[in-house]
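A.B. asks: When you get a sec, could you give me coordinates for this:
(chains A and B)
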Amino acid sequence: MAVIQGATGDWEMVIGLEVHAQVTSNSKLFSGAATSFGAAPNTQVSLVDAAMPGMLPVINRYCIEQAIRTGLGLKAKINLHSVFDRKNYFYADLPQGYQISQFLQPIVGEGVVTLDMGEGVTREIGITRLHLEQDAGKSLHDQHPSQSYVDLNRSGIALMEIVSEPDLRSPEEVAAYLRKIRTIVRYLGTCDGNMDEGSMRADVNVSMRRPGEEYGTRCEIKNINSIRFAQQAINYEARRQVDILEDGGAIAQETRLFDSRKGETRSMRSKEESHDYRYFPDPDLLPLVLTQEEVDAIEATLPELPDAKKARLIADYGIGDYEAGVLVADRVRADFFEAVAKNRDSKLAANWVIGEFFGALNKAEKEISISPVDADALGGLLDLISDDTISGRIAKDVFEVMFETGKSAADIVEEKGLKQVTDTGAIEEMIQAVLDANEDKVEQYKGGKDKLFGFFVGQVMKASGGKANPKAVNEILRAKLGG
Amino acid sequence: MSLDKATVAHIAMLARIRVEDAEQTVLAGELSGILGWIEQLSEVKTDGVEPMTSAVDTTLLRREDKMTDGGVQEKVLANAPATTEGFFVVPKVVE
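C.D. replies: Residues are numbered from 1 along each chain as shown, chains lettered A, B, ... in the order given. Down below sits the predicted model:
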């Protein structure tokens, strides 16, 4: 719980989210126009999307299935009877003059999302509903001093609006919630979750209250398109509301927008008069009636979801809560780990996948799909560590070369002659040479300067080019110095 | 139910229809009459009757998720008062 300390005492944030997630589909919710991102303006628009007179909407069956799939992923109730309504307002990028949405009877009802807040702490966030609706077109305001340009390519693409209960209490929880929703829709394949392309956006409702007391008046911050901006906007808005409340003022319920350049929220005055949306059932569309069999058939095809996958990774591979959490945040990463860990030391696999491998990917700004090192190749490297062919330290060097060249670990070890020296006779010779060259330090060690042991190990490893088996070096060195 | 002049002005604003002051009083009377007429329907007992959503016995038609439309930029823009580089051009609408 994030508490803001005001001059008159503590204030608690109460936050609820409306997440708009674009449905992954080939064509739009009510027309056969394409949905791909970045096409030339107004080329993916049918006469239905442009709201030409007499055009009628026909619903896309796949979008219905995607909404059901998402609802099931949110552990929510699927409503077998739902209704499409018209939400009436005027805006330049809404040619119909109304948005087809679902108001009183949405396709998905109450559900729950579990947040992992670290150190074993979890939070359950209630989902109020999920409904299907049309996206609006896009206005560009920065191309001309006195004109706006309108592109309707986005107009009519299916959106799922996922509404949460006001259960969130801090910007950190909001970030965790957005990440979790994104992970779930990506696992399900129902939305690509790309916030930077606008396929997932959030409206954030923020109010402040004295801890434990009734909810205060809320403000809605519209159209946040990154997790970082959501956190910034909430922090700014919370502070603004506390300042007003502490001065004895009242919060005006209003729509605000977040200015990411200034890091502040400000009132959207144009929205004030338009809150009267005059919803009514769309006469062009019959109610959407589903059968339980239809819902069950979709449920049977759901993939393993992040919470279940995390529990299984911990149980099957004996890895930690943190490691499992990092791995399941992305299905492709979890799959990669499982491919590497199969029939191998799973903790070693987790350390390498999360540490060296993800580190290298991040540094190179690459996705797993185009990684120069695949799961088999990384597994091959781990095998060389496990059978004592190379040490863990040498393995890091080998991995770097693998990542640069795409060669196999075995080939690199062979080419560069990196095989670990496990021949105790050879190691003993190296140790003797180091001790002979450092007689003064041997005396100091015997005189009680224990720390010099590390120095001797370092010298031997250096002499061997890092190839001496560290365990053997330690044992032989201890025997020699002890004697 | 009867509508007052202020409500008529509000409805006209929401619908973006200009209604002169003198007309508002006339419309308030006419709309109140229509509403009163419709209200008679609420006298019919409908307890236990399913709402009727269509006069024919049919369900919501669903289409396949296939790209079958679009690619008609010229037609889409044909009635626009102004266009540039494939965009509709409208007076600036932003805060």
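A.B. asks: can I assume A:I298 sits in a helix?
C.D. replies: Yes - assessed by DSSP: H, G, I helix; E, B strand; the rest coil, A:I298 belongs to a helix.
A.B. asks: That one: how many residues sit nearby?
C.D. replies: Using other C-beta atoms under 10 Å in any protein chain shown, A:I298 has 18 other residues around it. Every residue, glycine included, has its C-beta placed from N, CA and C.
A.B. asks: Likewise for A:R218?
C.D. replies: Other residues near A:R218 number 20, with proximity taken as other C-beta under 10 Å.
A.B. asks: any idea how far A:P57 is from it?
C.D. replies: 33 Å (C-beta to C-beta, to the nearest Å).
A.B. asks: Kindly report the same for A:K180.
C.D. replies: Distance from A:K180 to A:P57, by C-beta to C-beta: 32 Å.
A.B. asks: Look up how far A:M200 lies from the residue sitting nearest the centre point of chain A.
C.D. replies: Central residue of chain A (C-alpha atoms, centre = their mean): A:R179, 4.1 Å from the mean position. Counting by C-beta to C-beta, the separation of A:R179 from A:M200 is 11 Å.
A.B. asks: for chain B, longest strand please?
C.D. replies: The longest strand of chain B (DSSP state E) is strand B:87-91.
A.B. asks: can you list the residues of the stretch 101-250 of chain A near chain B?
C.D. replies: Contact residues, the stretch 101-250 of chain A versus chain B (C-beta under 8 Å from any C-beta of the partner chain): A:139-141, A:144-152.
A.B. asks: Going through these, which ones are buried?
C.D. replies: Buried members of these, counted by 16 or more other C-beta atoms under 10 Å in any protein chain shown: A:139, A:147-152.
A.B. asks: Can you say which two of those residues are spatially most distant?
C.D. replies: Maximum pairwise distance in those, criterion C-beta to C-beta, is 16.3 Å, between A:Q147 and A:L152.
A.B. asks: After the longest helix anywhere in chain B, heading C-terminal, what element do we hit next?
C.D. replies: For chain B, the longest helix by residue count, based on DSSP state H, is helix B:21-39. Downstream of helix B:21-39, the next assigned helix or strand under DSSP states H and E is strand B:62-63.
A.B. asks: Describe which strands that following strand pairs with in its sheet and in which direction.
C.D. replies: Using DSSP bridges, the strands paired with strand B:62-63 in its sheet are strand A:59-60 (parallel).
A.B. asks: From the chain's centre, how far out is the strand it pairs with? Work that out for me.
C.D. replies: 29 Å (C-alpha atoms, centre = their mean, to the nearest Å).
A.B. asks: Repeat that for stretch A:220-237.
C.D. replies: Relative to its parent chain, stretch A:220-237 has a centroid offset of 17 Å by C-alpha atoms, centre = their mean.
A.B. asks: With just CA atoms, put that stretch into PDB.
C.D. replies: Listed next in PDB are the C-alpha coordinates belonging to stretch A:220-237 (Å, rounded to 0.1, in the frame of the first residue of the first chain):
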ATOM      1  CA  GLU A 220      -9.900   9.300 -14.800                       C
ATOM      2  CA  ILE A 221      -6.700   9.600 -16.700                       C
ATOM      3  CA  LYS A 222      -7.200   8.600 -20.300                       C
ATOM      4  CA  ASN A 223      -5.200   6.700 -22.800                       C
ATOM      5  CA  ILE A 224      -2.000   5.800 -21.000                       C
ATOM      6  CA  ASN A 225       0.300   3.900 -23.400                       C
ATOM      7  CA  SER A 226       3.200   2.700 -21.200                       C
ATOM      8  CA  ILE A 227       3.600   1.200 -17.800                       C
ATOM      9  CA  ARG A 228       6.100   3.900 -16.900                       C
ATOM     10  CA  PHE A 229       3.700   6.600 -17.800                       C
ATOM     11  CA  ALA A 230       1.000   5.000 -15.800                       C
ATOM     12  CA  GLN A 231       3.200   5.100 -12.700                       C
ATOM     13  CA  GLN A 232       4.200   8.700 -13.300                       C
ATOM     14  CA  ALA A 233       0.700   9.800 -13.900                       C
ATOM     15  CA  ILE A 234      -0.600   8.100 -10.700                       C
ATOM     16  CA  ASN A 235       2.200   9.700  -8.600                       C
ATOM     17  CA  TYR A 236       1.500  13.100 -10.000                       C
ATOM     18  CA  GLU A 237      -2.300  12.800  -9.700                       C
END
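A.B. asks: can you pull the buried residues of stretch B:83-95?
C.D. replies: B:83, B:86-90.
A.B. asks: just stretch A:175-189 next, same as before
C.D. replies: So for stretch A:175-189, counting by 16+ other C-beta under 10 Å, buried means A:175-178, A:180-188.
A.B. asks: and if you look at stretch A:161-174?
C.D. replies: A:161-164, A:166-171, A:173-174.
A.B. asks: per-residue confidence at A:I59?
C.D. replies: pLDDT recorded at A:I59 is 98.
A.B. asks: out of everything not next to it in sequence, what's closest to it?
C.D. replies: B:R62 (5.5 Å; C-beta to C-beta, 6 or more residues apart in numbering or on different chains).
A.B. asks: Give me every residue in chain B lying close to chain A.
C.D. replies: Contact residues, chain B versus chain A (C-beta under 8 Å from any C-beta): B:10, B:13-14, B:16, B:53-54, B:58-73, B:75-77, B:82, B:84-95.
A.B. asks: Could you give the separation of the helix or strand in which A:V206 is found from the chain centroid?
C.D. replies: If you go by DSSP H and E, A:V206 is part of strand A:200-209. On the basis of C-alpha atoms, centre = their mean, the separation between the geometric centre of strand A:200-209 and that of its chain is 19 Å.
A.B. asks: What is the burial count for A:G198?
C.D. replies: Neighbour count for A:G198, taken as other C-beta under 10 Å: 15.
A.B. asks: dump the residue contacts of it.
C.D. replies: A:G198 sits next to A:22, A:154, A:225 when contact means C-beta atoms under 8 Å, 6 or more residues apart in numbering or on different chains.
A.B. asks: what's near enough to touch A:A250?
C.D. replies: Taking C-beta under 8 Å, 6+ apart as the criterion, A:A250 is in contact with A:217, A:244.
A.B. asks: just the one 10 residues further on next, same as before
C.D. replies: Going by C-beta under 8 Å, 6+ apart, A:S260 touches A:229, A:232.
A.B. asks: so what's residue 65 scoring on pLDDT?
C.D. replies: Picking chain A for this. For A:E65, the model assigns a pLDDT of 98.
A.B. asks: You answered for a different chain; I wanted chain B.
C.D. replies: 98.
A.B. asks: so who does it touch?
C.D. replies: By C-beta under 8 Å, 6+ apart, the neighbours of B:D65 are A:25-27, A:60-63.
A.B. asks: what kind of secondary structure is it in?
C.D. replies: Classified using three-state DSSP, B:D65 is coil.
A.B. asks: measure it to B:N79 for me?
C.D. replies: Counting by C-beta to C-beta - B:D65 and B:N79 are separated by 29 Å.
A.B. asks: related to what we said a few turns ago, between the contacts of A:G198, which is nearest chain B?
C.D. replies: A:R154 (12.4 Å; C-beta to the nearest C-beta).
A.B. asks: Find the nearest non-adjacent residue to the closest residue to chain B within the stretch 351-483 of chain A, please.
C.D. replies: Nearest residue of the stretch 351-483 of chain A to chain B (C-beta to the nearest C-beta) works out as A:S369 at 24.5 Å. Spatial nearest neighbour of A:S369, excluding adjacent residues (C-beta to C-beta, 6+ apart): A:V332 at 7.1 Å.
A.B. asks: Distance of the one you found relative to A:G320?
C.D. replies: In this view, A:V332 and A:G320 are 21 Å apart by C-beta to C-beta.
A.B. asks: Kindly report the same for A:T265.
C.D. replies: 39 Å.
A.B. asks: Done for today, thanks.
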